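In: Coordinates for the following, if possible.
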Amino acid sequence: MAITAADVQAKRMESFGEGEFFEIEDVELDGYTYKAYKHAPKTVIDILQNARNHGDIEFIVYEDERYTYDRFYAVVDAMAASLQNDFGIGKGDRVAIAMRNCPEWSISYTAATLIGAVVVPVNSWGKSEELQYAITDSGSSLLICDPSRYKLIQDANLGVKVIVAAADADADLAEGVARFEQVVAAGEGKPYQVVDASPEDHCVILYTSGSTGFPKGVVHHHMAIAQSLFNMMWLGFLVMGLEGPRKFKGGAERETPLLTVPLFHATGLLSGFYLPLSTGQKVVMMYKWDSIKALELIQREKVTSLASVPAIIQDFLSQPNFDDYDTSSLIRVSAAGAATPAGLPELIQEKTGKPSRSAGYGMTETVAVGSTMSGVIFDLKPEASGIVSPIMQMRSVDPEGNILPQGVPGEIEFYGVCVTPGYWEKPEANAQTFVDGRWLKTGDVGMVDDEGFVHITGRIKEIVIRGGENIYPGEIEHAAYELDKVHEVVVFGEPDEAMGEEMVMMVYPRPGMSLDEDELRDFLKQRLASYKVPKTIMFSDTPLPRNASEKLHKLKAREKYLEEKQATA
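Out: A predicted model of the protein is given here:
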């Protein structure tokens with residue numbers, strides 16, 4: 001018997017009812033009442049300490065290194081002792097981490113959190129001024145970084161202590177700069193005090209990957225992280241209740257995710273660190289994303305799940321020699337963090353043999369909680385962004401702030417226990433972002449349909465107003481992705497004297513395929529009203545720009561277009 005949307009909603013309501021493991025209760029936080037999972041851990045400390053019980057099974061695989069849980073925590077404890085006793089880090093102190101994904105990142109994060117620090121994961125792809133800004137803006141007293149990030153700040157007078165990880169023995173480090181391995185060695189066998197944390201205590205400041213100006217620091221409580229983790233577990237429970245458990249295959253014997261998104265990102269932190277840590281999984285890390293290397297690792301380590309933004313998943317599945325590798329162990333493939341291009345769900349199924357596919361919608365400001373779906377729920381509406389989380393309220397409003405009926409697109413607003421209490425020391429931004437108490441304005445356009453599925457159609461700031469008509473670029477991009485020859489596409493507006501704005505489409509064709517403007521334009525005319533077909537179509541011979549979250553970066557694409565337009569004027 002086929003699963004219906006009504007079945008999903010009935011099972012959803014049942015899953016968090018009274019007496020269930022994922023039971024929902026009302027909690028008070030910062031003077032507001034929220035829905036929360038009753039049996040979730042109360043603090044991040046609970047999560048980190050409970051994971052010690054996984055013992056001597058493998059936790060992290062990175063390059064030629066392998067860490068069991070026991071080895072990981074041995075290094076964490078030594079690091080925590082040094083940070084507390086030698087560096088004077090205490091409850092509430094900010095500790096910045098600026099590194100590529102690596103074991104030292106996870107070790108530093110865990111050690112600093114256990115002694116009560118508020119960890120500040122910094123965009124490791126940022127330029128010198130961005131790195132310096134995050135350290136200064138957060139008021140961090142310690143920076144733990146890799147050699148590449150150290151070079152970006154070594155000449156700056158930031159007034160912070162610095163620990164450098166994975167530095168060569170002959171690396172030129174300034175006086176007073178400590179080496180990671182020396183800090184760990186100094187703390188071996190020494191005691192330290194694990195912090196007595198409360199659910200409302202701050203534990204992390206995540207910087208946004210905004211496309212304009214400097215990013216803002218998004219503050220989160222212990223409770224928000226714990227609830228977000230439990231929300232990921234809830235989805236797995238819900239799907240299993242609808243379709244039954246998924247069996248390992250292709251030689252896999254345990255859950256083994258391949259970490260493809262940065263740990264400094266909310267999705268990476270939750271799905272690439274907290275979830276595997278709490279459930280005893282083995283995490284395979286990469287020095288940097290490379291599709292061929294990923295295929296090699298999936299084959300060697302029997303990777304079971306791959307989750308990333310749609311651009312990465314599409315690039316991975318489109319590799320010409322994909323079929324030369326054994327990817328039969330994959331049972332889950334997830335594309336989230338941006339709108340899912342048309343054709344990607346089918347490509348996932350074609351290349352990986354009907355895995356459990358996933359999608360979702362959330363923000364740094366909500367610790368990635370919003371809407372989500374996988375397995376049979378995804379199969380019902382692959383073009384959607386999931387069903388609303390039990391611990392999140394969602395509504396759509398018009399430009400005047402009036403609440404719209406269900407099914408009518410408008411700006412999405414969130415209210416929930418995982419919503420940030422605010423941006424770090426940014427009262428003006430907070431005033432602009434929160435309405436009606438604690439409702440968070442997202443800047444995203446979307447709606448919840450009559451069957452409870454969320455649909456995201458674009459960004460408020462990206463709406464193109466052409467001759468008085470509002471056009472959502474997401475709709476145009478979605479139509480373009482239906483053409484197999486389109487690999488990446490972004491649509492944006494440019495000023496026009498006659499119409500106010502006209503649309504520009506920038507396209508990166510699928511490698512090995514030829515595509516011209518006439519073919520693409522004819523294709524779009526069959527699917528869109530004539531006024532929605534972009535006036536200008538530009539082709540790129542290189543992949544389109546991406547931001548630190550690996551999402552396509554429209555602002556940089558627009559800048560590239562304007563530069564080339566000016567050069568040919």
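
In: per-domain residue ranges of this structure.
Out: Using automatic domain parsing, the domain parsing of the chain gives 5-39+220-459, 68-215, 463-568.

In: For residue 62, find the nearest of these.
Out: Between residue 62 and those, the tightest spacing by CB to CB is seen for domain 5-39+220-459, at 4.2 Å. All C-beta atoms are positioned from the backbone trio N, CA, C, and that covers glycine.

In: Look up the closest residue to residue 30, ignoring the ones flanking it.
Out: residue 421 (5.6 Å; CB to CB, 6 or more residues apart in numbering).

In: The domains of the chain into a markdown table, with extra columns for distance to residue 60 and mean pLDDT?
Out: Below are the domains of the chain laid out as a markdown table (distance: least, CB to CB, whole Å; pLDDT from 0 to 100):
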| stretch | distance to residue 60 | mean pLDDT |
| --- | --- | --- |
| domain 5-39+220-459 | 5 | 93 |
| domain 68-215 | 5 | 93 |
| domain 463-568 | 21 | 88 |
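
In: Now render those as TSV, adding distance to residue 62 and mean neighbour count.
Out: Below are the domains of the chain laid out as TSV (distance: least, CB to CB, whole Å; neighbours: other CB atoms under 10 Å):
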stretch	distance to residue 62	mean neighbour count
domain 5-39+220-459	4	19
domain 68-215	5	19
domain 463-568	19	16
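
In: Between those domains, which one is closest to residue 61.
Out: Residue 61 lies closest to domain 5-39+220-459 among the domains of the chain, at 4.8 Å (CB to CB).

In: coming back round to it: how about the domains of the chain in a markdown table, adding distance to residue 59?
Out: As requested, the domains of the chain are exported to a markdown table (distance: least, CB to CB, whole Å):
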| stretch | distance to residue 59 |
| --- | --- |
| domain 5-39+220-459 | 6 |
| domain 68-215 | 5 |
| domain 463-568 | 24 |
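
In: Determine which of those domains approaches residue 50 most closely.
Out: The closest of those to residue 50 is domain 5-39+220-459. By CB to CB, the value is 7.0 Å.

In: so how far is that closest one from its chain's centroid?
Out: Put simply, domain 5-39+220-459 sits 9 Å off its chain's centre (CA atoms, centre = their mean, to the nearest Å).

In: how about the domains of the chain, which one is nearest residue 55?
Out: That would be, of the domains of the chain and by CB to CB, domain 68-215, which comes in at 5.8 Å.

In: Got the phi and psi for the closest residue to residue 46 other than its chain neighbours?
Out: Among residues not flanking residue 46 along the chain, residue 226 sits closest, at 7.2 Å (CB to CB, 6+ apart). The phi/psi pair for residue 226 (degrees, to the nearest 10) reads phi -60, psi -40.

In: Okay, residue 226 and residue 27: tell me how far apart.
Out: The gap separating residue 226 from residue 27 is 11 Å, by CB to CB, to the nearest Å.

In: Over to residue 267?
Out: To residue 27, residue 267 is 24 Å away according to CB to CB.

In: and if you look at residue 301?
Out: Residue 301 is 39 Å from residue 27, by CB to CB.

In: Residue 258 contacts residue 303, correct?
Out: Yes - the pair residue 258 and residue 303 passes the contact test of CB atoms under 8 Å, sitting 4.6 Å apart.

In: Find residues that contact each of these two.
Out: Common neighbours of residue 258 and residue 303, using CB atoms under 8 Å, 6 or more residues apart in numbering, are 284, 297.

In: So residue 538 lies in a strand, does it not?
Out: Yes - applying DSSP: H, G, I helix; E, B strand; the rest coil, one finds residue 538 inside a strand.

In: surely it meets residue 503?
Out: No - Residue 538 is not in contact with residue 503 according to CB under 8 Å; the separation is 11.4 Å.

In: wouldn't residue 216 be in contact with residue 426 here?
Out: Yes - counting by CB under 8 Å, residue 216 touches residue 426, with 5.5 Å between them.

In: Is it correct that the residue nearest to residue 30 is in contact with residue 223?
Out: No - judged on CB under 8 Å, residue 421 makes no contact with residue 223 at a distance of 10.5 Å.

In: so how far is residue 354 from residue 294?
Out: Distance from residue 294 to residue 354, by CB to CB: 20 Å.

In: Then residue 345?
Out: Computed with CB to CB, the distance linking residue 345 and residue 354 is 11 Å.

In: Please name the nearest non-neighbouring residue to residue 4.
Out: residue 380 (7.6 Å).

In: Next, give phi and psi for that neighbour.
Out: The phi/psi pair for residue 380 (degrees, to the nearest 10) reads phi -70, psi -40.

In: got a list of what it touches?
Out: Counting by CB under 8 Å, 6+ apart, residue 380 makes contact with 3, 4, 5, 8, 453.

In: a helix runs through the fourth one, doesn't it?
Out: Okay, so that is residue 8. Yes - according to three-state DSSP, residue 8 belongs to a helix.

In: So residue 410 sits against residue 394, correct?
Out: No - applying CB under 8 Å as the test, residue 410 and residue 394 come out as separate, 11.2 Å apart.

In: still on that earlier bit, and what about the residue nearest to residue 30, helix, strand or coil?
Out: Reduced to three states by three-state DSSP, residue 421 is coil.
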